[in-house]
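Undergrad: Need a 3D model of the following:
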Amino acid sequence: EVQLVESGGGLVQAGGSLRLSCAASGLTDDDYAIAWFRQAPGKQREGVSCINLDDLNTNYADSVKGRFTITSDNAKTTVYLQMNALAPEDTAVYYCAADPIWPCTLRYDSVYDNWGQGTQVTVSS
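TA: Predicted coordinates for the structure are as follows:
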């Protein structure tokens, strides 16, 4: 059973940084894609960034390109989302998701069968 646990959220001022972590267990091999999605109040869930663990292929939403960086640790059990230059519009609950797909996608959250519980990110102006 795949389990995903997010951490690292919090309250930060605009322009600040946070690093989110997604600890994954139960992955049967490293051909999984791990994605970060976010959902702000009253808005649809949107894809933020994703990575394929086997070849480290990455993808970013236009709104975060140049500000966010997704990486994985050497053991490929934890995926990080480094978020810099945060803005109030980045405020949302951030979720990580996993599925054995390639390439990873941000377009359809329904392709991911495994989800974490989410971590709140709040950016004050």
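
Undergrad: okay, CA-based contacts and neighbour counts for the rest of this
TA: Will do.

Undergrad: Thr122 - that's part of a strand, no?
TA: Yes: counting by DSSP: H, G, I helix; E, B strand; the rest coil, Thr122 is part of a strand.

Undergrad: Number of residues surrounding it?
TA: Residues lying near Thr122 (other Cα atoms under 10 Å) number 21.

Undergrad: Against Asp99, how distant is it?
TA: According to Cα to Cα, to the nearest Å, Thr122 and Asp99 sit 27 Å apart.

Undergrad: same thing with Arg38?
TA: 17 Å.

Undergrad: for Gly9, same thing?
TA: 23 Å.

Undergrad: Pick out the residue nearest the middle of this structure.
TA: Trp36 (2.2 Å; Cα atoms, centre = their mean).

Undergrad: Bridged to that residue, which residues?
TA: Ser49, Cys96 (DSSP bridges).

Undergrad: what about Arg38 and Asp99, which has more around it?
TA: When neighbours are counted by other Cα under 10 Å, Arg38 comes out ahead of the other of Arg38 and Asp99, with 22 against 19.

Undergrad: Please, which helix or strand holds the more buried one?
TA: strand 33-39 (DSSP states H and E).

Undergrad: Distance check, Asn57 against Gly47.
TA: From Asn57 to Gly47 the distance is 15 Å (Cα to Cα).

Undergrad: Apologies, that question was intended for Thr122.
TA: Distance from Thr122 to Gly47, by Cα to Cα: 17 Å.

Undergrad: Tell me how far the residue nearest to Cys50 when sequence neighbours are not counted lies from Ser72.
TA: The shortest distance from Cys50 to any non-neighbouring residue, by Cα to Cα, 6 or more residues apart in numbering, is to Ala35 (3.9 Å). According to Cα to Cα, Ala35 and Ser72 sit 11 Å apart.
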